[in-house]
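Chemist: only geometry, no sequence info:
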Ligand SMILES: Nc1ncnc2c1ncn2[C@@H]1O[C@H](COP(=O)(O)OP(=O)(O)OP(=O)(O)O)[C@@H](O)[C@H]1O
């Protein structure tokens, strides 16, 4: 299993510093949650971690090798990203869209081989999309599109998967299914999440971004405190340990002027 790490990342856009001095480590096989309010820098960080952008300062490494020294195709065999606003596969079927995940493993014009087809079937099955395989992308609901994007990434058979709010269009059943699936697979997972309860329940560790810097990092029980949530989100809360799951659970009381 693979370690994805970033040291001292800085990135700016339009003359504004978006990320500064960010250290992140996703240990092999763990699920790392990236939290933070709107505009904190989560998407920007995930794009740097996936090698879609080069940082202005600092380095992202995959098992110790700087990402920017690896050919894009080699990176794509090991790391997949599921973005928040996916590219439109307007004229493709679900199955064709998922097959795009095989691109890094195939010759440019080679037909799908048995390994490709097996990976596609498995990805469709894991995401509950087998029955929708012949449906056109443009007829899918938001949640079905989100699961198709996840299936495409799983068909890529990566060691590391980076996801930007993979559950935001999903009903509660699929939210639980997707997070359970991500935990169950033999993958290193880095995922942005907005739901603090789900993050606390499913992630091994959390990184909380605020104004482009790491405000807190560690085990959910250590990171998610009333004081941190008040400071970062401006919301008064009661964080307790759920007697049902053993994970921290958050009751939101009211917004404050604190942040
Ligand atoms: N290309 C860009 N040019 C200018 N500003 C940008 C650019 N990309 C991001 N930003 C700004 O950087 C900040 C961080 O954006 P980012 O999308 O990383 O935040 P986020 O934590 O993912 O937010 P959200 O929870 O709303 O999705 C925002 O203020 C955003 O407007």
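Modeler: Sure thing, it's come through. If you're wondering where the values come from, they're calculated on a predicted model, not measured in any experiment.

Chemist: going by C-alpha atoms from here, please, whenever you check contacts or count neighbours.
Modeler: Fine.

Chemist: show me the shaky parts of this structure.
Modeler: Across the chain, the ranges flagged by pLDDT under 70 are 1, 86, 258-259.

Chemist: strands along that one, start to end?
Modeler: Listed in chain order, the strands of the chain (DSSP state E) span 4-13, 16-26, 31-35, 57-62, 65-66, 79-82, 160-164, 188-192, 205-210, 213-218, 235-241, 248-255.

Chemist: what sits against the spatially most central residue of the chain?
Modeler: Residue closest to the average C-alpha location in the chain (Cα atoms, centre = their mean): residue 163, at 1.8 Å. Contact partners of residue 163, counting by Cα atoms under 8 Å, 6 or more residues apart in numbering, are 46, 81, 82, 83, 84, 189, 190, 191, 192.

Chemist: about what we covered before: any chance of the strands of the chain in TSV, plus distance to the ligand?
Modeler: Output for the strands of the chain, formatted as TSV (distance: least, Cα to the nearest ligand atom, whole Å):
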stretch	distance to the ligand
strand 4-13	4
strand 16-26	5
strand 31-35	8
strand 57-62	16
strand 65-66	22
strand 79-82	13
strand 160-164	8
strand 188-192	8
strand 205-210	8
strand 213-218	11
strand 235-241	16
strand 248-255	18
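
Chemist: hey, what's residue 249 bridged with?
Modeler: Taking DSSP bridges as the rule, residue 249 bridges to residue 240.

Chemist: let me redo that: residue 190
Modeler: Beta bridges link residue 190 to residue 32, residue 162, judged by DSSP bridges.

Chemist: pretty sure it sits against residue 165.
Modeler: No - if you go by Cα atoms under 8 Å, residue 190 and residue 165 don't touch, sitting 10.3 Å apart.

Chemist: show me which residues of stretch 210-229 are buried.
Modeler: Within stretch 210-229, the residues that count as buried by 16 or more other Cα atoms under 10 Å are 210-217, 220-221, 223-226, 228-229.

Chemist: ok, so of those residues, who is nearest residue 255?
Modeler: Using Cα to Cα, residue 229 is the member of those that lies nearest residue 255, at 10.5 Å.

Chemist: residues from the protein in reach of the ligand?
Modeler: Contacts of the chain with the ligand, taken as Cα under 6 Å from any ligand atom, map to 13, 14, 18, 37, 38, 39, 40, 41, 42, 43, 44.

Chemist: greatest separation within the residues you listed: which pair is it?
Modeler: Maximum pairwise distance among the residues of the chain next to the ligand (Cα to Cα): 20.6 Å, between 14 and 37.

Chemist: about what we covered before: just the buried members of the residues of the chain next to the ligand?
Modeler: Among these, the ones that count as buried by 16+ other Cα under 10 Å are 18, 37, 40, 41, 42, 43, 44.

Chemist: follow-up on the earlier one: let's have the residues of the chain next to the ligand in JSON lines, adding distance to residue 27.
Modeler: Formatted as JSON lines, the residues of the chain next to the ligand follow (distance: Cα to Cα, whole Å):
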{"residue": "13", "distance to residue 27": "29"}
{"residue": "14", "distance to residue 27": "33"}
{"residue": "18", "distance to residue 27": "25"}
{"residue": "37", "distance to residue 27": "24"}
{"residue": "38", "distance to residue 27": "26"}
{"residue": "39", "distance to residue 27": "26"}
{"residue": "40", "distance to residue 27": "23"}
{"residue": "41", "distance to residue 27": "21"}
{"residue": "42", "distance to residue 27": "18"}
{"residue": "43", "distance to residue 27": "20"}
{"residue": "44", "distance to residue 27": "20"}
